[in-house]
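Peer 1: pasting the sequence and the predicted coordinates here, then a few questions.
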Amino acid sequence: MTDTSTTGYAVVIPTLARATLADCLAALVAAHGPEPDEIVLVDDRPDPDPDPGALEHPLGVLGDLRERTVVLRGGGRGPAAARNTGLSAVVSPWTAFLDDDVQVGPHWRDQLVQDLAEAAPDTAGVQGVIAVPLPGERRPTDWERGTAGLATARWITADMAYRTEALKQVGGFDERFTRAFREDADLALRVLDAGWRIRQGRRTTRHPVRPAGRWVSLGQQRGNADDALMRRLHGPDWWAKAVAPRGRFRRHAAITAAGAAALLLAAAGRPRAAAAAGLAWAAGTAEFTWARIAPGPRTRHEVTTMLATGVLIPPAATWHRISGEWRHRSAPAWQEMTA
């Protein structure tokens with residue numbers, strides 16, 4: 001028999017009261033295995049007086065687990081702060097974080113408790129296996145491919161269980177990460193630096209691809225500011241430490257510099273130099289755009305979206321990275337903060 005004194009767990013779910021929350025909670029209720037000691041929903045809608053009716057249906061699907069559920073207000077400060085709010089209410093040995101747009105597997109609760117029971121004393125975290133369903137009748141879009149990357153990402157809080165003690169030891173999530181980006185990698189690196197281990201578990205959670213508008217990839221470029229904070233906190237090699245793809249920022253910066261140079265040289269009356277810089281900009285933009293079009297479905301909507309965003313993403317990425325470097329220029333390294 002599993003010792004629940006060491007495998008007792010709470011589930012913390014930050015939410016914006018999206019329509020996916022009801023499915024998330026319904027899957028949690030339907031899963032076989034020991035029930036969570038507590039479920040903490042953190043309503044992170046920025047409205048100071050959000051409509052409580054938006055949570056009525058999700059809470060209604062909880063059934064008997066409703067009495068173990070508490071709803072806290074997050075204040076709209078982002079998922080890192082919302083998870084800290086949820087963590088502050090947890091008394092269980094383990095805290096399992098779920099996103100409000102995932103659906104745990106039918107044996108998730110059994111598998112989670114088994115994952116926790118098998119964790120060595122120096123293991124602080126056990127990650128779930130993320131499955132991203134993609135369309136089988138066509139090639140995935142750029143947005144779908146990006147979401148599919150979650151299946152191989154390290155330490156993501158779509159399904160991540162941590163010892164509550166370890167979380168409190170490192171101070172929880174860094175609330176300067178106001179987007180759902182890099183806050184999980186930062187936490188994991190601090191946990192590892194504190195001498196703990198993190199391992200992969202067996203439980204499986206489904207992460208559907210949520211609908212997204214044409215300009216979603218442009219908005220994602222705000223994450224470049226979070227990369228600047230990661231660099232300040234964990235050094236220039238943080239990519240390697242976090243086993244994260246390095247991305248295309250250097251190419252984006254080069255494309256942006258070529259475009260800016262073309263405009264400045266043209267304004268200065270140097271047409272040949274401006275043409276050369278403009279050619280470099282066009283070549284870089286074309287390569288980036290085709291790299292996103294080639295593996296996709298190549299529908300008219302997808303191609304026109306890639307063409308439009310392919311022009312705008314490099315300068316947007318560069319702007320957000322520069323603004324992030326400036327905003328976090330005084331942030332001390334993680335080791336310096338704990339010295």
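Peer 2: Alright, I've got the coordinates. Numbering: from 1, shown residues only.

Peer 1: output the contacting helices and strands for the helix or strand containing Ala261.
Peer 2: Under the criterion of DSSP states H and E, Ala261 resides in helix 249-267. With contacts defined as 3 or more C-beta pairs under 8 Å, 6 or more residues apart in numbering; DSSP states H and E, helix 249-267 has these neighbours: helix 271-293, helix 300-327. To be clear about C-beta, it is placed using only N, CA and C from the backbone, and glycine gets the same treatment.

Peer 1: quickly find the element holding the residue of the chain most remote from its centre.
Peer 2: Distance from the C-alpha centroid of the chain peaks at Gly269, with 46.2 Å (C-alpha atoms, centre = their mean). Following DSSP H and E, one finds Gly269 outside all helices and strands.

Peer 1: on that earlier part again, restricting to C-alpha, output the helix holding Ala261 in PDB.
Peer 2: What follows is helix 249-267, C-alpha atoms only, in PDB (Å, rounded to 0.1, in the frame of the first residue of the first chain):
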ATOM      1  CA  PHE A 249      17.000  35.500 -32.300                       C
ATOM      2  CA  ARG A 250      20.500  36.100 -33.800                       C
ATOM      3  CA  ARG A 251      19.100  35.800 -37.300                       C
ATOM      4  CA  HIS A 252      16.100  38.000 -36.300                       C
ATOM      5  CA  ALA A 253      18.600  40.700 -35.100                       C
ATOM      6  CA  ALA A 254      20.600  40.400 -38.300                       C
ATOM      7  CA  ILE A 255      17.500  40.800 -40.500                       C
ATOM      8  CA  THR A 256      16.400  43.800 -38.500                       C
ATOM      9  CA  ALA A 257      19.800  45.400 -38.700                       C
ATOM     10  CA  ALA A 258      19.900  44.900 -42.400                       C
ATOM     11  CA  GLY A 259      16.400  46.500 -42.800                       C
ATOM     12  CA  ALA A 260      17.300  49.400 -40.600                       C
ATOM     13  CA  ALA A 261      20.600  49.900 -42.500                       C
ATOM     14  CA  ALA A 262      18.800  49.900 -45.800                       C
ATOM     15  CA  LEU A 263      16.400  52.700 -44.700                       C
ATOM     16  CA  LEU A 264      19.200  54.800 -43.200                       C
ATOM     17  CA  LEU A 265      21.500  54.400 -46.200                       C
ATOM     18  CA  ALA A 266      18.600  55.400 -48.600                       C
ATOM     19  CA  ALA A 267      17.900  58.400 -46.500                       C
END
